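3D, please:
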Amino acid sequence: MLTHEPNINHSTSINSAAVYPLNQSIGQIGSVNSSYTIPTIAIRHAEATDYEELHQLLTDPQIVYWTADMPLRPAIETYESLKNASGYHYTLVANGADELVGGLTFEINSLPRLRHIARIKTVTVRRDWQGRGVGSELMKAAIDLADNWLNLVRLELLVYADNAPAMNLYTKFGFAAEGTLRRLAFRDGCYVDGILMARINDWATLAL
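Predicted coordinates for the structure are as follows:
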């Protein structure tokens, strides 16, 4: 995922329980052994107090590899991004077994004529929780906010061209590839292409 970042003190006051179901069980996912019960996943807005767990997630070397972030990112940056986030910046986190196991950040375009657009900047899942549907739950919550509460029409994101699992996840939620950005990022000693993907809220489009 070329997607990763945080927020909480946004200007919109929303009852999160009305936005998306908290403590939502994700049941049996994919190839997980049928005898294994997946813990309940709670999706909520991030708080500044989440910065330590979120920082550990964002600086995991295997996660950094799929983002545009630099390794060895200082923890204060994560804290300040959560504490000082603007009203256009949203960070959701996933909690499982009383631990932060994933995060998703998106930012609404602040230009007046582009405020119907938001870009998903990061989608990250802790390594030991990957493959359990955490990414899907984060995407569901973000899309619910975008479609039903923020009146957004277009959600877009960038993903590295060699990140097939991430592209499969986004495609499942209605994102389509719109183009290739050649040599988008320098990663681990070489350049890598990026894919621009977007999802259009069909209901909003029909209403225009």
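
the helices in this protein, which residues?
16-19, 51-58, 61-64, 75-83, 134-148, 164-172, 202-207 (DSSP state H).

can you add mean pLDDT, mean neighbour count and distance to G102 and give those helices back as JSON lines?
From N, CA and C alone the C-beta is placed, and that goes for glycine too. Output for the helices of the chain, formatted as JSON lines (pLDDT from 0 to 100; neighbours: other C-beta atoms under 10 Å; distance: least, C-beta to C-beta, whole Å):
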{"stretch": "helix 16-19", "mean pLDDT": "33", "mean neighbour count": "13", "distance to G102": "16"}
{"stretch": "helix 51-58", "mean pLDDT": "96", "mean neighbour count": "20", "distance to G102": "7"}
{"stretch": "helix 61-64", "mean pLDDT": "95", "mean neighbour count": "14", "distance to G102": "10"}
{"stretch": "helix 75-83", "mean pLDDT": "95", "mean neighbour count": "17", "distance to G102": "15"}
{"stretch": "helix 134-148", "mean pLDDT": "97", "mean neighbour count": "21", "distance to G102": "4"}
{"stretch": "helix 164-172", "mean pLDDT": "98", "mean neighbour count": "15", "distance to G102": "12"}
{"stretch": "helix 202-207", "mean pLDDT": "66", "mean neighbour count": "10", "distance to G102": "27"}
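
and of those, who's closest to V93?
Closest to V93 of these, according to C-beta to C-beta: helix 51-58, at 6.8 Å.

now the closest one: how far from the chain's centre is it?
Put simply, helix 51-58 sits 14 Å off its chain's centre (C-alpha atoms, centre = their mean, to the nearest Å).

so that helix versus helix 75-83, what angle?
Between helix 51-58 and helix 75-83, the angle comes out at 110 degrees (axes from the mean of the first three to the mean of the last three C-alpha atoms, to 10 degrees).

in the sheet, who's paired with the residue nearest the centre of the chain?
The centroid of the chain falls nearest to L104 when counting by C-alpha atoms, centre = their mean (2.5 Å). Listed by DSSP bridges, the beta-bridge partners for L104 are L92, V123.

cool, the one 4 residues further on as well?
For I108, the residues forming beta bridges with it (DSSP bridges) are A118.

ok, it - contacts?
By C-beta atoms under 8 Å, 6 or more residues apart in numbering, the contact list for I108 reads 88-90, 115, 117-118, 150, 152.

what of R119?
By C-beta under 8 Å, 6+ apart, the contact set of R119 is 106-107, 109, 155-157.

do R126 as well
Here R126 is in contact with 57, 60, 99-102, 134 (criterion: C-beta under 8 Å, 6+ apart).

need the helices of the chain in CSV with distance to I195, can you?
What follows is the helices of the chain, written out as CSV (distance: least, C-beta to C-beta, whole Å):
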stretch, distance to I195
helix 16-19, 29
helix 51-58, 22
helix 61-64, 19
helix 75-83, 25
helix 134-148, 17
helix 164-172, 7
helix 202-207, 21
